[in-house]
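In: give me a model of this one.
(one chain, ligands or ions: 1)
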Amino acid sequence: MRHLTRSLLLAAAGTTLAAGTLAPAATAAPPDHARGHQDTLRRQAPKDLQIGSAVWGQRDLLGYDRLDPTEHQRVLAREFGSITPENDMKWAEIHPEPGVYHFSGADAIVEFARANNQEVRGHTLLWHSQNPQWVSDAAADWTCEEARDVLEDHVRTVVGRYAGEIYEWDVANEIFQDDWDEGGVRLRTEANPFLAACSEDPVALIGDTFRWAHEADPQARLFLNDYNAEGVNTKTDAYYALAQELLADGVPLHGMGSQGHLSLMYGFDDSMQANFERFAALGLDVAVTEADVRVPIPEGQDGPTPEQVTLHAERHDAMLEACLAVPSCTSFTVWGFPDASSWVPDVFPGEEWATIFTDDLDPKPAYHAMLESLREATPGVSPRSGR
Ligand code: XIL
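Out: Okay, here's the model as predicted:
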């Protein structure tokens, strides 16, 4: 209903300009290209929900010129109210040598966001992956005290540099194993070098990482974040228990992020909303932090089938709907675009087409499905009270 009214108004406005008088039967919606920038994800988002995308500052934003953006930068600014550094704030990028910090990619993210009135989601501070060689080398000999010192210095330096610029931080990323890993779902006290050094009490280290981050930027909302953490499952059960423990200890934990890396090779777990609701009931925010939907495309098949295109749209929309249904859902971020810049083809051979824009930067049906759901979610009206 809302959609029809809006289309009518736009169509009527166009006709008025052209003919100087209101057309009597302006019923058709204007074609996509005539809608200008009225209908964008960020404009249609409810007031308290950020729609975001990951972007790699070092690759995509260096030398950004507001007056002469690349087409990718134009779409990024137009469609998204939030950006996440895809790699630029990870240890290997930002802290490549002991005591040496490289801020250029992260700075480019923050500057682009400022120039385009966007928020920044920080990513990430404590993770088992993309750590620099020096960390892996040193970690073998670390005492817990030494590991804590290195981590504390890093957290205070990075979070402190961008204090006031970042609304949400993925503080701890993928700290639980999967149930198919050896030992099942438990903290990654082997793969994560910091948790390994403090394996006698890893929860204390996790809690202190949140405390250091909070001291360095008291305004930022601090998140746990993981994949395979959409529905109610053994991994989210473990996060739920950890969140309760941290909160009981007074740790400044504010949110649980579900990455949302899906594949059409698997089904969709429709307990996502229920999962969000249980974390919200703890007083936490929730977020979809890295959404993309991989499409398996066998060799010889020329792109996705019509059925796959539909499912790709439905899965994106299902994740967004789960978020829209829970007032504590603060952000919904897609993990980059277009497909040519996506991490998927490199990491998942045989799967592609995961993002919501084509390589020509045309919106896919998934984009339109999301836009429609945002429209129906009453733009500009906060679903939350008292915030
Ligand atoms: C990915 C990036 O997209 C790639 O460019 C990089 O090579 C590897 O990491 N979960 C996360 C993200 O939390 O940081 C990962 O990003 C994707 C999985």
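
In: tally of neighbours for Gly303?
Out: Neighbour count of Gly303, defined by other CB atoms under 10 Å: 11. Heads up, the C-betas are built off the backbone N, CA and C, glycines and all.

In: contacting residues around it?
Out: Ile297, Trp353 (CB atoms under 8 Å, 6 or more residues apart in numbering).

In: for Phe357, see how far away it is.
Out: 15 Å (CB to CB, to the nearest Å).

In: what about stretch 82-100, average pLDDT?
Out: For stretch 82-100, mean pLDDT is 98.

In: and the end-to-end length of it?
Out: End-to-end distance for stretch 82-100: 28 Å, by CA to CA, to the nearest Å.

In: that one near the ligand anywhere?
Out: Yes. Applying CB under 6 Å from any ligand atom, one finds stretch 82-100 in contact with the ligand at Glu86, Asn87.

In: which residues belonging to the helix or strand where Gly105 lies are considered buried?
Out: Here Gly105 sits within helix 104-115, counting by DSSP states H and E. By neighbour count with 16 or more other CB atoms under 10 Å, helix 104-115 contains the buried residues Gly105, Ala106, Asp107, Ala108, Ile109, Val110, Phe112, Ala113.

In: quick check: the fourth one touching Trp56?
Out: Spelled out, it's Ala108. No. Using CB atoms under 8 Å as the test, Ala108 is too far from Trp56 to be in contact (9.5 Å).

In: so which bits of the protein are right by the ligand?
Out: Checking the chain against the ligand by CB under 6 Å from any ligand atom, the hits are Glu86, Asn87, Asn173, Tyr227, Gln259, Glu290, Trp343.

In: ok, so of those residues, who is nearest Val185?
Out: When the residues of the chain next to the ligand are compared for distance to Val185 (CB to CB), Tyr227 wins out at 12.8 Å.

In: what are the contacting residues of stretch 98-118?
Out: Here stretch 98-118 has contacts from 55-58, 61-62, 64, 66, 73, 76-77, 80-83, 85, 87-89, 93-96, 119-120, 134, 138, 157-158, 161-162, 165, using CB under 8 Å, 6+ apart.

In: rerun that using 7 Å as the cut-off
Out: 55, 57-58, 61-62, 64, 66, 77, 80-83, 85, 88-89, 93-96, 119-120, 134, 157, 161-162, 165 (CB atoms under 7 Å, 6 or more residues apart in numbering).

In: in strands, which of these fall?
Out: Counted as lying in strands by DSSP state E, out of the contacts of stretch 98-118, are Val55, Ser82, Ile83, Pro85, Glu119, Val120.

In: between those residues, which is closest to the ligand?
Out: Pro85 (9.2 Å; CB to the nearest ligand atom).

In: now that closest one: closest residue in space, sequence neighbours ignored.
Out: Ile109 (4.7 Å; CB to CB, 6 or more residues apart in numbering).

In: just the buried members of the contacts of stretch 98-118?
Out: Using 16+ other CB under 10 Å, the buried ones in the contacts of stretch 98-118 are 55, 57-58, 61, 64, 77, 80-83, 85, 88-89, 93-95, 119-120, 134, 161-162, 165.
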